[in-house]
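In: predicted model and sequence follow; I will ask about them next.
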Amino acid sequence: MKICIACGMPMKEPADFAMGDTEKDYCVHCSRPDGTMQSYDEKLDSFTAFIVRTQGLDKTAANHAAKNMMAKLPAWK
Ligand SMILES: [Zn+2]
């Protein structure tokens, strides 16, 4: 099983992969509509919004948490 290099999500089904392509190293949530991987800034924005929504942190704290999480992922090393 692969893990998305950009967000750490396990990718089990072809539908989890960018464009449904199991050769890709990143998931459907980390790809743009054209199938390329999102940039660091795009991912940081969406991660921050995700943390605000799911954990109720304010934007500054969520942004900090998102940076910490992304620092552990291979795509952003
Ligand atoms: Zn991902």
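Out: Arrived safely, thanks for sending.
In: name the single longest helix found in the protein.
Out: Taking DSSP state H as the criterion, the chain has its longest helix at helix 40-55.
In: and it, what's buried?
Out: Buried residues in helix 40-55, counting neighbours by 16 or more other CB atoms under 10 Å, are found at 43, 44, 47, 48, 51, 52. Every residue, glycine included, has its C-beta placed from N, CA and C.
In: how far away is residue 33 from residue 44?
Out: 19 Å (CB to CB, to the nearest Å).
In: same list (the buried residues of helix 40-55) but as TSV, adding distance to residue 25 and pLDDT.
Out: Output for these, formatted as TSV (distance: CB to CB, whole Å; pLDDT from 0 to 100):
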residue	distance to residue 25	pLDDT
43	14	97
44	19	97
47	18	94
48	23	97
51	23	96
52	27	98
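In: and which of the residues you listed is nearest the ion?
Out: residue 43 (8.0 Å; CB to the ion).
In: contacts for the longest helix of the chain?
Out: 6-7, 29-30, 32, 38, 57-59, 62-63, 65-67, 69-70, 76 (CB atoms under 8 Å, 6 or more residues apart in numbering).
In: which residues in this protein form helices?
Out: Using DSSP H, helices in the chain cover 40-55, 59-71.
In: format those as JSON lines; extra columns: distance to residue 17.
Out: Formatted as JSON lines, the helices of the chain follow (distance: least, CB to CB, whole Å):
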{"stretch": "helix 40-55", "distance to residue 17": "16"}
{"stretch": "helix 59-71", "distance to residue 17": "20"}
